[in-house]
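Asker: Sequence below, structure please.
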Amino acid sequence: MKISTFDANEIIVSPSILAADFANLAQEVKGAYDANAKFLHLDVMDGHFVPNISFGPSVIAKLRPCSEAFFDAHLMISHPQEYIQSFHEAGCDHITFHVESDCNIQEVIDQIHSYGMSAGLTLKPGTDIDSIIPYLDKIQMVLIMTVEPGFGGQSFMHEMMGKVSTIREHANKVNPSLHIEVDGGINKETSKIVRAAGANILVAGTAFFRHPQGMQEAQKELTS
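Answerer: Predicted structure coming up:
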């Protein structure tokens, strides 16, 4: 699946499987797609770039047959260039990596594109947004972190909305089809804030997989 299938004005929920029940992960992933979540967010952590470890290509490969969703991978790893092929072979449709990673940013973007995947850039909350702006016409997504990467369940950083607005303003000039994704503390209330700032892809973990009324109700709340 290609990200060009989706309009940059379309509101999309990308459930983060970090909040899913890992004992029943295949069923959780199937349930998310059945609830009309068109994306699936895959938070990959190496224990070095961030102080946590999650999962890698082998888990993603096992999930790929379970869902027709767009596999949206966020690599929180120090050396993304060493693993692009592995994530492609596992079934990822898109890879977002950090500007703070130890790599040549343009070379990694080109590497991702060479495998037919779309590419995205992201940054930690303390990193200046100017580090991403030169690449806006070369990528398909920018991910704005509204928490520190590495752990779930953190509080939403309202001050990051300025970054969303800045990226949308610049993208409208050089790449109007750019998708802006926001990850961290997304729920019924904050989803409205990030959409108003110019984001169209909402990464939701707890608010989606652990909604007391189920995933379908979570999907409605996050997009209404």
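
Asker: Name the nearest residue to residue 26, ignoring sequence neighbours.
Answerer: residue 66 (4.7 Å; C-beta to C-beta, 6 or more residues apart in numbering). From N, CA and C alone the C-beta is placed, and that goes for glycine too.

Asker: what do you get for residue 167?
Answerer: Here the residue nearest residue 167, using C-beta to C-beta, 6+ apart, is residue 142, at 5.1 Å.

Asker: three-state assignment of the one you found?
Answerer: strand (DSSP: H, G, I helix; E, B strand; the rest coil).

Asker: Remind me what the strand or helix carrying residue 220 packs against, helices and strands.
Answerer: Taking DSSP states H and E as the criterion, residue 220 maps to helix 215-223. Under the contact criterion of 3 or more C-beta pairs under 8 Å, 6 or more residues apart in numbering; DSSP states H and E, helix 215-223 touches strand 12-15, helix 25-34, helix 188-197, strand 201-204, helix 206-209.

Asker: how many other residues sit next to residue 165?
Answerer: Residues near residue 165, counting by other C-beta atoms under 10 Å, number 15.

Asker: how about it, what does it touch?
Answerer: Going by C-beta atoms under 8 Å, 6 or more residues apart in numbering, residue 165 touches 197, 198.

Asker: doesn't it fall inside a helix?
Answerer: Yes. Assigned with three-state DSSP, residue 165 falls within a helix.

Asker: any idea how far it is from residue 120?
Answerer: Separation of residue 165 from residue 120 (C-beta to C-beta, to the nearest Å): 18 Å.

Asker: tell me which residues of stretch 209-224 are tucked away?
Answerer: 209, 211, 215, 218, 219, 221, 222 (16 or more other C-beta atoms under 10 Å).

Asker: Oops, could you answer that again for stretch 29-39 instead?
Answerer: 29, 30, 31, 32, 33, 35, 37, 38, 39.

Asker: before we move on, back to that, state the phi and psi torsions of the residue nearest to residue 26.
Answerer: phi -90, psi -10 (degrees, to the nearest 10).

Asker: my guess is it meets residue 31, correct?
Answerer: No. Assessed by C-beta atoms under 8 Å, residue 66 is found out of contact with residue 31, at 10.1 Å.

Asker: What segments of this protein are helices?
Answerer: 25-34, 57-63, 84-90, 105-114, 161-174, 188-197, 206-209, 215-223 (DSSP state H).

Asker: Looks like residue 163 contacts residue 144 (just checking).
Answerer: Yes. If you go by C-beta under 8 Å, residue 163 and residue 144 touch, sitting 5.1 Å apart.

Asker: show me where pLDDT drops low in the protein?
Answerer: Applying pLDDT under 70 to the chain picks out residues 151-154.

Asker: again, only this time at 50
Answerer: In the predicted model, the chain carries no residue with pLDDT under 50.
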